[in-house]
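> Pasting a predicted model and its sequence here:
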Amino acid sequence: MLAQAQESFMRKARQDNMKNNVIAKLSHTACDLYAEALKHCQVPHVKEVIPKEWIPTLAGKQAYMQCLAEFYQSMVCKDKKSYGEEIARLAHALDLCKAATTRAGQTMNFKDILGKVQRALESAKKDNDFIYHDVVPKAEGLSAIGSAPLAKPTEIPRPMNAKFQDMFEKLIPLSVHNSMSAFESRKVGIVSREIGKLRENTQLMNSVLSSLNLPASIEDLGGDAVPASLLEKSREIQAKGGLQAIDKLFADLPELLQRNTEILDESFRQLDEEAKSDQEMRERFKERWSRLPSQQLTSTLRTEGGKYRAILNNATEADGKVREKYNSSRDHIALLSNPEGQLAAALPPSSAGAALAKTPVVQELRDLMKKVEAIKNEREVMESEIKNTSCDMRTKFLSALAADGVINEEAISNQNLDAMYGPLIHQVGDSLRRQEGLLNSVQDANTRFSAAKQTNTSAQQREDVQRNLAGAYDNYMELTANLQEGTKFYNDLTQLLVKFQCKVSDLCFARRTEKEELLRDLTQSIANQPSGPPPTTPPHHTQVPPARPPTLPQRSQQPSAAASSAPPASSAPPPGSAPPPSSVPPASAPGYYPPYGGQAPPPNAGMPYQNPPPRGQAPGGYPTQQYQPMPSYAPYGGYAPMPAYNPYGNPPPQAQGPPGPYPQQQYQYPPQQGYPQQQYGQQQPAYNPYQQPPPRS
């Protein structure tokens, strides 16, 4: 950064066309600074963290600054007619410019200065060779250029930013924090008490003076103009906005109160809903609902909410009293809000105190009014001092903790509070005592002044109006202060109620989540709980009835054994053909009963025998089969396999074996001579499109 600053000065010198020796010195100083920066960047632990293009940039900048220094110094030599030195410096500058181009690579471009140096070198050599013939020294023998360091390092300010704040500056031990909080509570109590005393006694003094119509009664001795005190009070009311300003403050209060009330009501509604839900679950699950009851968990929040509720109720009552006082003084406040002409027209026109303008009693009352104003001004100053008095208790509590290991907060706080507020408390007490004696003197003097005045109706009416106007001014100032404090109070209370509502919402959400988890656990435990043992089974439930064989549907017509053993005449094979081979498996197949799928037939199935044959022996000597053939729709209503495919049109052979009680399906065409017999369930013969006889088996 220092080298770049020096380069900036050099650029400014070139732009302003300063002397060549100045530019040469500035460039030489920038070259030295770039060389130092390059040296620091080549340190191993620094080189690892900086960008890789920094080192070639610094190297190129260093050679470039030295090139500029030699170039401008050559111009100085030319002005001095040192032509040999000029050529030597230009040659050195040319070498440096080429080195800068090589070192920087593609990051920087030096073609401009390179062209200038080349042209200047060629011109200088030409002039020296033809005219001057001066000796050109070597570059090592050239004198130093010199330096002009304008950029200098400055100390880094701490903090660097004027708005900087150390986040750990206010980090203190917990005991110190608690002690400071207790001290602030004590301080707030003292401030509120003393300021309350001052304001209460000032209001008392104003009410007494208003009832005596002072100082308006001693100022309005001419009976025509408006008293100066009333004019000043009217101007103050108009400066504060008059009747419109106080009406606006009154209009804002109900909205603020309603907002705070709604926030508090919503918080209590959430607490009530959570308590109701917890009670329902407790009544449902009895002792298994083991979480903490809502009454115990939310007692602190309900207590805090009750405190806020009491604050709102008190604020509502105070708003009602303020509204009542405002209504009683509104007409006179409106009169004081008018211009001076309307105010003068509203006052009765005569007065009976014109002859008492220079009497001693009037002068005494005027002196007493000056003392009253002095006391009011003193109290304003005292109130400001009481509010703004502060003390650095953080340091004192930290010192006490470091010295003793513990903090005696009460003793330290009382000691410092007495030192801070002792003189101010004494001034407040002295002001109250002086007020008491001053009011007694004012009442005595006003009694003598009233006795000396001539009484008439108009004078009395004028004095009553002035008295009411003075009281309206005091009420206006008091109401304005009360309404402003009430607005601030409601706004501050809104923030507290929002925080309270957030705490209630978080609690209700956590309780709702806890309820769902506990309800799920209870439901699972109830579902996984084993039921009681089953009742004892009666003995007659354990007896197994005898197995009944499946029954077949009744056939519409049972053929006789003789009829079922022979096919009808229409299906008889032609004469001279061989009988069809038997499509029934051999009788040795165990447990096969063709009509019943391999199971024993029922005894009442209308069969010609009553008892089933032995296992492995079919009725009528038919061989048994291990699979159940698909029943076909035979023309005789019997159960027989589907006829095999017969591509050669030969009649099937006659059935072999003894006849049985069931009709057998005959093949319509016998197989061709020389082919093996086709049995039911065997593979179909291959397709033979050329009618070639198959090989013999």
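Sure thing, it's come through.
> residue boundaries of the helices in the stretch 251-400 of the chain?
294-297, 299-336, 340-346, 360-388, 393-404 (DSSP state H, counting those that start in this stretch).
> Between those, which has the poorest mean confidence score?
Lowest mean pLDDT of the helices of the stretch 251-400 of the chain: helix 340-346, a mean of 75.
> what's that helix in contact with?
Here helix 340-346 makes contact (C-beta atoms under 8 Å, 6 or more residues apart in numbering) with Ala225, Val226, Leu230, Leu231, Ser234, Leu335, Leu336, Asn338, Val465. From N, CA and C alone the C-beta is placed, and that goes for glycine too.
> Now the last one: which helix or strand?
Yep, that's Val465 we're talking about. Val465 is part of helix 457-528, with elements assigned from DSSP states H and E.
> what angle do that helix and helix 299-336 make?
160 degrees (axes from the mean of the first three to the mean of the last three C-alpha atoms, to 10 degrees).
> Kindly spell out which helices and strands sit in contact with helix 457-528.
Helices and strands touching helix 457-528, by 3 or more C-beta pairs under 8 Å, 6 or more residues apart in numbering; DSSP states H and E, are helix 174-211, helix 216-219, helix 228-239, helix 242-285, helix 294-297, helix 299-336.
> The last one: which residues count as buried?
The neighbour-count check on helix 299-336 (16 or more other C-beta atoms under 10 Å) flags 301-302, 305, 308, 311-312, 315, 319, 322, 326, 329-330, 332-333, 335-336 as buried.
> And the third one, by the same measure?
Judged by neighbour count using 16+ other C-beta under 10 Å, the buried positions of helix 228-239 are Ser229, Leu230, Leu231, Lys233, Ser234, Ile237.
> could those residues go into a markdown table alongside distance to Met75?
Formatted as a markdown table, those follow (distance: C-beta to C-beta, whole Å):
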| residue | distance to Met75 |
| --- | --- |
| Ser229 | 88 |
| Leu230 | 89 |
| Leu231 | 85 |
| Lys233 | 85 |
| Ser234 | 84 |
| Ile237 | 83 |
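> Can I get these in TSV including pLDDT?
As requested, the buried residues of helix 228-239 are arranged in TSV below (pLDDT from 0 to 100):
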residue	pLDDT
Ser229	77
Leu230	79
Leu231	81
Lys233	82
Ser234	84
Ile237	85
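> Just the CA coordinates for stretch 157-172, please, in PDB.
In PDB, the C-alpha atoms belonging to stretch 157-172 read as follows (Å, rounded to 0.1, in the frame of the first residue of the first chain):
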ATOM      1  CA  PRO A 157      -6.200   4.100  14.700                       C
ATOM      2  CA  ARG A 158      -7.900   1.900  17.300                       C
ATOM      3  CA  PRO A 159     -10.800   1.600  16.800                       C
ATOM      4  CA  MET A 160     -10.600   2.100  13.100                       C
ATOM      5  CA  ASN A 161     -14.200   3.200  13.000                       C
ATOM      6  CA  ALA A 162     -15.500   6.000  15.200                       C
ATOM      7  CA  LYS A 163     -18.800   4.100  15.600                       C
ATOM      8  CA  PHE A 164     -17.200   0.900  16.600                       C
ATOM      9  CA  GLN A 165     -18.500  -0.700  19.800                       C
ATOM     10  CA  ASP A 166     -16.900  -3.600  21.500                       C
ATOM     11  CA  MET A 167     -19.500  -6.200  22.200                       C
ATOM     12  CA  PHE A 168     -17.600  -7.600  25.200                       C
ATOM     13  CA  GLU A 169     -17.100  -4.200  26.800                       C
ATOM     14  CA  LYS A 170     -20.200  -4.500  28.800                       C
ATOM     15  CA  LEU A 171     -19.700  -8.100  29.700                       C
ATOM     16  CA  ILE A 172     -19.600  -8.300  33.500                       C
END
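> quick revisit: for the helices and strands packed on helix 457-528, which one sits closest to Gln495?
Gln495 lies closest to helix 242-285 among the helices and strands packed on helix 457-528, at 10.2 Å (C-beta to C-beta).
> what's that closest one packed up against?
Checking 3+ C-beta pairs under 8 Å, 6+ apart, helix 242-285 ends up next to helix 294-297, helix 299-336, helix 457-528.
> Averaged pLDDT, it. What do you get?
Rounded mean pLDDT across helix 242-285 is 88.
> what separates the most centrally placed residue in the chain from Ile246, distance-wise?
Central residue of the chain (C-alpha atoms, centre = their mean): Cys502, 14.1 Å from the mean position. Shown here: Cys502 relative to Ile246, a distance of 35 Å by C-beta to C-beta, to the nearest Å.
> likewise Val381?
27 Å.
> okay, the two: which has more neighbours?
Ile246 (21 against 10; other C-beta atoms under 10 Å).
> was I right about the more buried one contacting Ala481?
No - at 10.9 Å, Ile246 and Ala481 do not qualify as touching, with contact defined as C-beta atoms under 8 Å.
> Output stretch 501-517 as PDB, nothing but the C-alphas.
The C-alpha trace of stretch 501-517 is given here as PDB (Å, rounded to 0.1, in the frame of the first residue of the first chain):
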ATOM      1  CA  GLN A 501     -47.700 -13.300  25.000                       C
ATOM      2  CA  CYS A 502     -44.600 -14.800  23.300                       C
ATOM      3  CA  LYS A 503     -43.800 -16.700  26.500                       C
ATOM      4  CA  VAL A 504     -47.400 -17.900  26.800                       C
ATOM      5  CA  SER A 505     -47.400 -19.000  23.100                       C
ATOM      6  CA  ASP A 506     -44.100 -20.900  23.600                       C
ATOM      7  CA  LEU A 507     -45.400 -22.600  26.700                       C
ATOM      8  CA  CYS A 508     -48.600 -23.700  25.000                       C
ATOM      9  CA  PHE A 509     -46.800 -25.000  22.000                       C
ATOM     10  CA  ALA A 510     -44.400 -27.000  24.100                       C
ATOM     11  CA  ARG A 511     -47.300 -28.400  26.200                       C
ATOM     12  CA  ARG A 512     -49.200 -29.300  23.000                       C
ATOM     13  CA  THR A 513     -46.200 -31.100  21.600                       C
ATOM     14  CA  GLU A 514     -45.700 -32.900  25.000                       C
ATOM     15  CA  LYS A 515     -49.400 -33.800  25.000                       C
ATOM     16  CA  GLU A 516     -49.200 -35.400  21.500                       C
ATOM     17  CA  GLU A 517     -46.100 -37.400  22.400                       C
END
